[in-house]
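> How does the following fold in three dimensions:
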Amino acid sequence: MQRFRAFLQRKDIVLSAKRYGIDALGAMAQGLFCSLLIGTIIDTLGTQLHIPFLTQTVATINATSYTVGGLASAMSGPAMAVAIGYALHCPPLVLFSLVTVGFSANALGGAGGPLAVLFIAILASEIGKAVSKETKIDLLVTPLVTIGVGIALSAWWAPALGKAAMAVGDLIMAATVLEPFFMGILVSVIVGVALTLPISSAAICAALGLTGLAGGAAVAGCCAQMVGFAVMSFPENGWSGLVSQGIGTSMLQMGNIVKNPRIWIAPIVTSAITGPMATCLFQLEMNGAPVSAGMGTCGLVGQIGVYTGWVSDIAAGTKAAITGMDWLGLILISFVLPAMLCPLIHALVKKAGWVKPGDLKLN
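You can find the predicted model right below:
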């Protein structure tokens, strides 16, 4: 046993919740931000600002056309896997091999792609590190083992993790048949939580075709998480944290959530408040692209989706005009209420001694 421990120490393989649940998960969030989320923002800017370079096809691969943003989004699996490998201190051959591992895990995982990448990249990384530089043909052995393990686990685990993620979709669909008040609470909370977890809330909303009042509740939940975390962590993370979480992703806080789950109380309670306000008070509908319902304030994609839905409804004759109440509801639900309510609720949580200074600090 002592020899085995010495081997793990020599290979820098640390079997700990911090290494996997905080370091790796936090790095994965950055990888997701630098690929899928940035790609979505680029596509949205190109479409809304009518920038030809950002909307035209720059590459066609196997009959699939890609814009600049599309190429960035398509690399989300490799970006997340390499980020995880970097956090786990992988040697170069292992790190570079994770590109393939991440692509396969994300592609086979569907809506659960990020979750599949997390588990599979960690295992492939550690096994790759274990064999690295142990043979005279390391250039062949290390990539073969890392990629072989990663693809085998992707084929075995990723589809099941994708189904598990879509089980969240079943909960959402069950909630959509409830009265608007209860539907607003449940959809807002569930989609908001999915946004922060290492699964794709956008993919779930797209797969479900989540629009109308349910789509509006989903937008409310996502905004409560993103704007809520951004504003309540401002004293610890400053302007960079405000921007990276507020128009990036609240998933950056997952490492901190693992350390202290109670920091999640304020955003979740906020989403339970703003969700029914969106459905019952403002009748906020998201009739744009369903994927926008799961994006929140990421690149303002959620808000743009609501607006394009209004425009489409007017063109179809189902809406007379965009009213001041429409704009008021969108602004309050998306920005003002999360920015006000979340810090207030968080202050109560801190007063109870459940959260302490530094718990929301991003690396």
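> my guess is Ala158 meets Gly109, correct?
Yes: the criterion here is Cβ atoms under 8 Å, and Ala158 meets it with Gly109 at 4.0 Å. Using the backbone N, CA and C atoms, a C-beta is placed for each residue, glycine as well.
> out of the two, which sits in the more crowded spot?
For Ala158 versus Gly109, neighbours defined as other Cβ atoms under 10 Å are more numerous around Gly109 (30 against 26).
> Regarding the more buried one, which helix or strand does it belong to?
helix 92-109 (DSSP states H and E).
> so after the host helix or strand of Ser240, what's the next helix or strand?
Per DSSP H and E: Ser240 is located in helix 234-246. Using DSSP H and E, the helix or strand that follows helix 234-246 in sequence is helix 254-259.
> Tell me the buried residues in that following helix?
Met254, Gly255, Asn256, Ile257 (16 or more other Cβ atoms under 10 Å).
> Including pLDDT and distance to Gly102, could these go into JSON lines?
Shown next, in JSON lines, are the buried residues of helix 254-259 (pLDDT from 0 to 100; distance: Cβ to Cβ, whole Å):
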{"residue": "Met254", "pLDDT": "92", "distance to Gly102": "17"}
{"residue": "Gly255", "pLDDT": "91", "distance to Gly102": "19"}
{"residue": "Asn256", "pLDDT": "93", "distance to Gly102": "23"}
{"residue": "Ile257", "pLDDT": "95", "distance to Gly102": "22"}
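> nearest to Trp310, of those residues?
When the buried residues of helix 254-259 are ranked by distance to Trp310 (Cβ to Cβ), Met254 comes first, at 33.2 Å.
> With adjacent residues omitted, what lies nearest to the closest one?
The spatially closest residue to Met254, leaving aside those adjacent along the chain, is Leu25, at 5.0 Å (Cβ to Cβ, 6 or more residues apart in numbering).
> Regarding that neighbour, what is its secondary structure?
Following DSSP: H, G, I helix; E, B strand; the rest coil, we place Leu25 in the helix state.
> List the contacts of it.
When contacts are counted by Cβ atoms under 8 Å, 6 or more residues apart in numbering, Leu25 touches Leu118, Pro198, Met254, Gly255, Val258.
> Could you measure from the residue lying farthest from the centre of the chain over to Ile322?
Distance from the centre of the chain peaks at Lys136, with 40.9 Å (Cα atoms, centre = their mean). To Ile322, Lys136 is 70 Å away according to Cβ to Cβ, to the nearest Å.
> ditto for Phe229
Taking Cβ to Cβ, one finds Phe229 at 30 Å from Ile322.
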